[in-house]
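**Q** Pasted the sequence and its predicted model underneath.
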Amino acid sequence: CAPESEGPMRKYLVSINDLPPGGKDFTLDDQDIWLAPLREFHMECRIQRRLEAHMSVVPAEDGCLVRGRLTGSVIMPCNRCAEDAAVEIDAGFEEFEEIPPEESAALADADPDGTGHVVYDRHAPMLDLAAVCWEEFLLALPVAPLCREECRGLCPICGTNLNEGCCACAPEEEDPRMAPLRELAARRQ
Ligand SMILES: [Zn+2]
Ligand SMILES: [Zn+2]
């Protein structure tokens, strides 16, 4: 018989009602949690050291408290020269995941990925741990990754990687307000 065509991430749904009152710990290190959306969104980012999330989920009124830490490292293109930039990830997080109010349950059924990470499954609220892992990963990424702090980037004229050498292009425009002074200095020489 054909296997159920459930999405690969279905196994990371946690029933909030079944959590012990003191909460429960989870370790997620299935790289597909991050690889699948990276591929889906065509993000230029590859995993260098395995990503791993440790989290504890404590049930609360109207939702649950998710506290954890995400570690690993990825390679992204440098914001200045587009060469590989290693990005170290070590991010703590703490989020309250709210159960959508009753009247929006039908809505949540129709659009399980709509908002938040709590989805409905047979009217029992389920927390999507994989979605939490993905969002915390996005939050942990730098806005402008650099291959190194002092990266010199590419020449805007010829595209030469200035970390590897100079090019023949003119240096950057000097301040035009200084031009008269420069002329004066040249005349006196
Ligand atoms: Zn660079
Ligand atoms: Zn150049």
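**A** Right, received. Where do you want to start? Residues are numbered from 1 along each chain as shown. Ligands and ions are numbered 1, 2, ... in the order given.
**Q** gap between the residue nearest in space to the middle of the chain and ligand 1?
**A** Computing the C-alpha centroid of the chain and ranking residues by C-alpha atoms, centre = their mean puts residue 138 first, at 1.6 Å. Using C-beta to the ion, to the nearest Å, one gets 22 Å for the distance from residue 138 to ligand 1. Bear in mind the C-beta positions are built from the backbone N, C-alpha and C, glycine included.
**Q** A helix includes that residue, no?
**A** Yes - under DSSP: H, G, I helix; E, B strand; the rest coil, residue 138 sits within a helix.
**Q** what are the ranges of the helices in this protein?
**A** 32-40, 105-110, 129-140, 179-188 (DSSP state H).
**Q** and residue 177, how many neighbours?
**A** 7 (other C-beta atoms under 10 Å).
**Q** related to what we said a few turns ago, worst average pLDDT in the helices of the chain?
**A** Ranked by mean pLDDT, the helices of the chain bottom out at helix 105-110, with a mean of 53.
**Q** and residue 65, what does it touch?
**A** 23, 57-58, 94-97 (C-beta atoms under 8 Å, 6 or more residues apart in numbering).
**Q** Narrow those to those that are buried.
**A** 23, 57, 95, 97 (16 or more other C-beta atoms under 10 Å).
**Q** For the second one, give the beta-bridge partners.
**A** Under DSSP bridges, the beta-bridge partners of residue 57 are residue 24, residue 66.
**Q** Quickly note the distance from it to residue 77.
**A** Distance, residue 57 to residue 77, by C-beta to C-beta, to the nearest Å: 35 Å.
**Q** now swap in the third one and tell me
**A** Taking C-beta to C-beta as the criterion, residue 95 is separated from residue 77 by 29 Å.
**Q** do the last one as well
**A** The gap separating residue 97 from residue 77 is 32 Å, by C-beta to C-beta.
**Q** Residue 184 versus the residue nearest to the centre of the chain, what's the distance?
**A** For residue 138 relative to residue 184 (C-beta to C-beta), the value is 55 Å.
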